[in-house]
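> make a model of this:
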Amino acid sequence: MTNFKLLSLFILLFSLKINAQQILSEQKRAEVLDLILNERFTNLLPELMDASGIDMWLVISREYNEDPVIKTMLPATWLNARRRTILLFYRDKAKNTIEKLAVARYNVGKNIISAWDKEKQPDQWKRLIELIEERKPTKIGLNFSKDHNIADGLVKTDYEEFMTYLPKNMHSKVVSAEQLAVRWIEMRTPTEMIIYNQLVDITHDIIAEAFSEKVITPGITTTTEVEWWMRQKVTNLGLETWFHPTVDVQRSSEKLVNHLYSFSGRPDDLTILPGDLLHCDFGITYLRLNTDCQELAYVLKPEEKEAPKFLVDGLKEGNKVQDFLTNNMVKGRTGNDILAKSLEEAKNAGFRPSIYTHPLGSYGHSAGTTIGMWDSQGGVMKDDGENYPLNTNTVYAIELNTTITIPEWQRDIRIMLEEAGFYEEDGFRYVNGRQTELLLIPRVKSHQGN
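From the prediction side, this is the model:
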């Protein structure tokens, strides 16, 4: 059985019983990460290089100033690049081979073999040029890009050094590797998607516990305390979070403020009260993948056993806006096109939506198809790099809100939602479901007897 099949079987069996308390040890995580890297280098990278038309890809980075791409290529035991690390990938499509070399003093894990003996050639740049001249590539891809920040990791100094050493007659071969870099960052393998289901499940479990009587005592607990509880929970589980959690409140006695208020500028230590609609923004990092989730909870008043119908209906409206968006996610459409069509359809149906969905994966705000920004609902400029076509086997944070009027509160509120979704050949699906019912604080329990 191949390593890939063994890994898939291991993860599948493990995930059947997984919950938020069962996290892989550091050693097991390293084994999984390195096997995934092997899968990506062996199966995914040749396909991406062929699609981009780049037969040689150079990823050049220095210790503690890492290119965002190289950070996704390092083995589990490499937490940073070492000195100057140069990775050379050469694809010979005719022979169906791919070389993975390091112009470095060491092998970069088991996948990338050192091709530099400093005792034979003291100059690292000269050794790189020797390797290039031996292979005679037609295109040399470097990570520079005006439009995609994650594909712009080559620093000015290294670019200038490389171009100084590269023979003049080869300068015309140098091209931006932005499409290759973006595709490498955005594409997920089948094994990664098995893992992703677990990540989102853990994320949902933590939110459910945070938004419960285990953590919140109405009239006493503050929003800040819940935020720090979530942060501490992640640490206690041996995980990381890529941004600080936020918890905010909408209630009948306050007017709706601007969207940014929910994430920045809201008051600290706001005491949570019965009748509040709570909203959180929360994500974790595990096995080099990231989640990003927003969910809603209602704090029951003493006489209530369920949330008010107007809030239940509000969540349903938020789900309908999600449907307008995900139904418009069609391969090849740009983020701007998806945004425009989704907003038009939702508004024609009587909703007041705002859509700001972003790629999710190796980074929280990752590379790929961005569908709107909260402050750019008319679309983004073409030269911002966000007007990019939707590709299959990619993950997104389906992030949006819809404004609804609550006559009972005599005010507007926002239903803000965010869930991980996967776009594959068969279309869109949520990675691990989505919120369709409000979380209740406290959970309603049935009592028997007189």
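> helix/strand/coil for residue 418?
Secondary structure for residue 418, judged by DSSP: H, G, I helix; E, B strand; the rest coil, is strand.
> residue 407 versus residue 253, what's the distance?
Shown here: residue 253 relative to residue 407, a distance of 15 Å by CB to CB, to the nearest Å. In this view, the C-beta of every residue, glycine as well, is placed from N, C-alpha and C.
> one more: residue 330?
Where residue 407 is concerned, residue 330 sits at a distance of 38 Å (CB to CB).
> among those two, which residue is more densely surrounded?
Using other CB atoms under 10 Å as the criterion, residue 330 and residue 407 rank with residue 330 on top: 14 against 7.
> now the more buried one: closest residue in space, sequence neighbours ignored.
In this structure, residue 330 finds its nearest non-sequential neighbour in residue 390, 6.8 Å apart by CB to CB, 6 or more residues apart in numbering.
> doesn't residue 326 make contact with the one you found?
No - in this structure, residue 390 is not within contact of residue 326 by CB atoms under 8 Å, at 11.3 Å.
> model confidence score at the residue nearest to residue 330, please.
Predicted confidence (pLDDT) at residue 390: the value is 94.
> where does residue 244 sit: helix, strand or coil?
With three-state DSSP as the criterion, residue 244 reads coil.
> I figured it hits residue 227, correct?
Yes - counting by CB under 8 Å, residue 244 does reach residue 227; the two are 6.9 Å apart.
> need the residues that contact stretch 236-243.
The contact list for stretch 236-243, computed with CB atoms under 8 Å, 6 or more residues apart in numbering, reads 20-21, 23, 26, 202, 230-231, 234, 281-286, 290, 363-364.
> okay, and which of those map to helices?
Secondary-structure check on the contacts of stretch 236-243 using DSSP state H: residues within helices are 26, 202, 230, 231, 234.
> so can I have TSV of those residues showing distance to residue 411, pLDDT and neighbour count?
TSV is the format used below for these (distance: CB to CB, whole Å; pLDDT from 0 to 100; neighbours: other CB atoms under 10 Å):
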residue	distance to residue 411	pLDDT	neighbour count
26	49	87	9
202	35	95	23
230	28	98	24
231	31	97	14
234	34	96	22
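> which of the residues you listed sits closest to residue 131?
Top of the list for closeness to residue 131, among the ones in helices among the contacts of stretch 236-243 and by CB to CB, is residue 26 at 34.4 Å.
> separation between that closest one and residue 76?
When CB to CB is the yardstick, residue 26 and residue 76 sit 9 Å from each other.
> do the same with residue 401
As judged by CB to CB, residue 401 and residue 76 stand 38 Å apart.
> which one of the two is surrounded by more residues?
Neighbours per residue (other CB under 10 Å) separate residue 401 from residue 76, with residue 401 holding more: 23 against 19.
> residues in contact with that one?
With contacts taken as CB under 8 Å, 6+ apart, residue 401 has the following neighbours: 259, 318, 353, 354, 414, 415, 416, 417.
> ok, 7 Å please
With contacts taken as CB atoms under 7 Å, 6 or more residues apart in numbering, residue 401 has the following neighbours: 354, 414, 415, 416, 417.
> for the helix or strand residue 48 falls within, give the mean pLDDT please.
Assigned by DSSP states H and E, residue 48 belongs to helix 45-52. Helix 45-52 shows a mean pLDDT of 96 in the predicted model.
> okay, which residue is most central for the chain?
residue 360 (2.2 Å; CA atoms, centre = their mean).
> ok, what's across the strand from it?
Note on residue 360: beta-bridge partners by DSSP bridges are residue 395.
> end to end on stretch 74-87, go ahead and measure it.
With CA to CA, to the nearest Å as the measure, the first residue of stretch 74-87 is 10 Å from its last.
> can you point out the buried residues in that stretch?
Neighbour-count burial for stretch 74-87 flags 74, 75, 76, 81, 84, 85, 86, 87 (criterion: 16 or more other CB atoms under 10 Å).
> which stretches of the protein have low pLDDT?
Per-residue confidence of the chain (counting by pLDDT under 70) places the weak regions at 1-21, 80-82, 254-266, 381-387, 446-450.
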